[in-house]
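Novice: sequence first, predicted model second:
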Amino acid sequence: MTRKEYLVKQKEMGRHLLGVFPAQYPKEILWAMNIVPAEIWDPPLEITLANAHLQPTICSVVKLGMELILQRKCDILDGFLFPHTCDSIQNLASVINDYMKTEKPCYFFYHPKAPYGAAGRDFYRNHLKELIGSLEKQFGPLDPDTLKQRIHQGQKISALLTELYDLRAQGELNITNEEFYSMIRHGEYLFPDDFIPELEAFLSQNKGQGIKGQARVVLSGVLPNPPEILTLLDDLGVRVAHDDFLIGSRRLLVPANDLDDPFENLTESYFAMPPCSTKGSSIGERAEYLFRLVDATGAKGVIFNVVKFCEPEWFDIPNLKEELKKKGISTLSLDTELNQGLSGQMVTRVEAFVEMIG
Ligand code: SF4
């Protein structure tokens, strides 16, 4: 079933649909209110309308998100949620909500940025409650017991994804790079009742059959797009042993906690997530995280696959490369546009990099 067919079916089942822009948001609250979050990262569209509303130096996540709305492909949705991920998403929220006056309700979610102090936790808890208050006006009251149940499902998903990432890191999954990301990205729109059994089946079908002797790299950036980067690595016999993607480990690998209070639980989860450029994490924290991924997997290099004009990522990369170089870890950075494929020059650079670390 395609993503669109799935969302139509969810609507027919009586669930609400919210278009959610990148990147981190308390999905458990949405699930508890019978809302399916349909995340909007890289819809496969040709940009024909959005350029008239945006400056040319904006990332294609924002351009494609606006294009999706302008092409009226969001008509099925009941509203939009804009987490305060970066200036570009913040500005997109303003353009859509204040200037374009979309007929859909727009919600906003502000999370604290590092360095975190004690006030950050209060701030986060308060924003969780504010978000619930605003959603309740459209979707009805939140049942606290249902929220606890959805938090439990969120933890189950994190545990399954962690197992999947760990098996891949150890070379004990017999799947391609493309298949791995295709699977985990189903979580961008599947309701947990459907995603959990799908993850469980995927794990049981593919674990314990790893391909030996593959070269290993860590990928960093926002998301694995253009998808041709994964195909190319597959063709070259290179395993992505771990990732530092905003769409991936930075928000998916959340350590479990057993706090009974749902707001404490969600707050603890947020602050336990890996470091991220969009949260203002320091270069030291980010470099340390990358060192850990390289050490744990025996990867020979890090490829930064970064969306063109993504300011939070590009600000960090020169310093991260410097830190990795000091440890003798090879790096390659690619400046890519979503859904635009890899140029011949990029392919040659990846091939040369793989040969060098080989
Ligand atoms: S690609 Fe970068 S700039 Fe664009 S929305 Fe994502 S984090 Fe923000």
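Specialist: Right, received. Where do you want to start? Numbering: from 1, shown residues only.
Novice: count of neighbours near the residue in the stretch 101-250 of the chain that the ligand sits nearest to?
Specialist: Relative to the ligand, the nearest point of the stretch 101-250 of the chain is residue 222 (4.6 Å; Cβ to the nearest ligand atom). Every residue, glycine included, has its C-beta placed from N, CA and C. The tally of other residues near residue 222 (other Cβ atoms under 10 Å) stands at 28.
Novice: wait, it sits on residue 246?
Specialist: Yes - the pair residue 222 / residue 246 is scored as a contact, 4.6 Å apart, by Cβ atoms under 8 Å.
Novice: tell me, what's touching those two both at once?
Specialist: Here residue 222 and residue 246 have residue 22 as joint contacts, going by Cβ atoms under 8 Å, 6 or more residues apart in numbering.
Novice: next, the buried residues of the host helix or strand of residue 134.
Specialist: Taking DSSP states H and E as the definition, one finds residue 134 inside helix 118-139. Neighbour-count burial for helix 118-139, counted by 16 or more other Cβ atoms under 10 Å, picks out 120, 121, 124, 125, 127, 128, 131, 132, 135, 139.
Novice: and it, how far out from the chain middle?
Specialist: Distance of helix 118-139 from its chain centroid, counting by Cα atoms, centre = their mean, to the nearest Å, is 21 Å.
Novice: what do you get for stretch 34-44?
Specialist: 11 Å.
Novice: is that stretch anywhere near the ligand?
Specialist: No - shown here: stretch 34-44 not in contact with the ligand (Cβ under 6 Å from any ligand atom), separated by at least 8.2 Å.
Novice: put the alpha carbons of that stretch into CSV.
Specialist: Extracted C-alpha coordinates of stretch 34-44, given in CSV (Å, rounded to 0.1, in the frame of the first residue of the first chain):
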residue,chain,number,x,y,z
ASN,A,34,-6.1,9.7,17.3
ILE,A,35,-4.0,11.8,14.9
VAL,A,36,-1.7,10.3,12.3
PRO,A,37,1.4,12.4,11.8
ALA,A,38,2.2,12.5,8.1
GLU,A,39,5.7,13.8,8.0
ILE,A,40,6.7,16.1,5.1
TRP,A,41,10.4,15.8,4.3
ASP,A,42,11.1,15.1,0.6
PRO,A,43,7.9,14.5,-1.4
PRO,A,44,8.8,13.4,-5.0
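Novice: got a markdown table for the buried residues of helix 118-139, with distance to residue 86 too?
Specialist: Formatted as a markdown table, the buried residues of helix 118-139 follow (distance: Cβ to Cβ, whole Å):
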| residue | distance to residue 86 |
| --- | --- |
| 120 | 18 |
| 121 | 22 |
| 124 | 18 |
| 125 | 23 |
| 127 | 17 |
| 128 | 21 |
| 131 | 19 |
| 132 | 24 |
| 135 | 23 |
| 139 | 27 |
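Novice: looking at these, which is nearest residue 323?
Specialist: residue 120 (25.3 Å; Cβ to Cβ).
Novice: thought that closest one was touching residue 271?
Specialist: Yes - applying Cβ under 8 Å, one finds residue 120 in contact with residue 271, separated by 7.5 Å.
Novice: got the residues of the stretch 51-200 of the chain near the ligand?
Specialist: So the stretch 51-200 of the chain meets the ligand at 59, 61, 62, 85, 86, 88, 89 (Cβ under 6 Å from any ligand atom).
Novice: kindly recompute the last result at 8 Å.
Specialist: Residues of the stretch 51-200 of the chain lying close to the ligand (Cβ under 8 Å from any ligand atom) are 58, 59, 60, 61, 62, 85, 86, 87, 88, 89, 92.
Novice: list the contacts of the fifth one.
Specialist: Taking Cβ under 8 Å, 6+ apart as the contact definition, residue 62 lies against 54, 88, 89, 91, 92.
Novice: how many other residues sit next to the second one?
Specialist: A total of 22 residues lie near residue 88 under the criterion other Cβ under 10 Å.
Novice: can you tell me the closest non-neighbouring residue to it?
Specialist: The shortest distance from residue 88 to any non-neighbouring residue, by Cβ to Cβ, 6 or more residues apart in numbering, is to residue 62 (4.9 Å).
Novice: what's the next secondary structure element after the host helix or strand of the one you found?
Specialist: Assigned by DSSP H and E, residue 62 belongs to helix 60-70. Sequence order places strand 80-83 as the next helix or strand after helix 60-70, per DSSP H and E.
Novice: what pairs with that following strand, parallel or antiparallel?
Specialist: strand 16-20 (parallel), strand 106-109 (parallel) (DSSP bridges).
Novice: helices of the chain, start to end?
Specialist: Assigned by DSSP state H, the chain shows helices spanning 3-12, 27-32, 60-70, 87-94, 118-139, 144-169, 177-184, 192-206, 228-235, 249-252, 262-271, 283-297, 311-326, 344-357.
Novice: mind giving me the packing neighbours of the first one?
Specialist: Helix 3-12 sits against strand 16-20, strand 35-39, with contacts defined as 3 or more Cβ pairs under 8 Å, 6 or more residues apart in numbering; DSSP states H and E.
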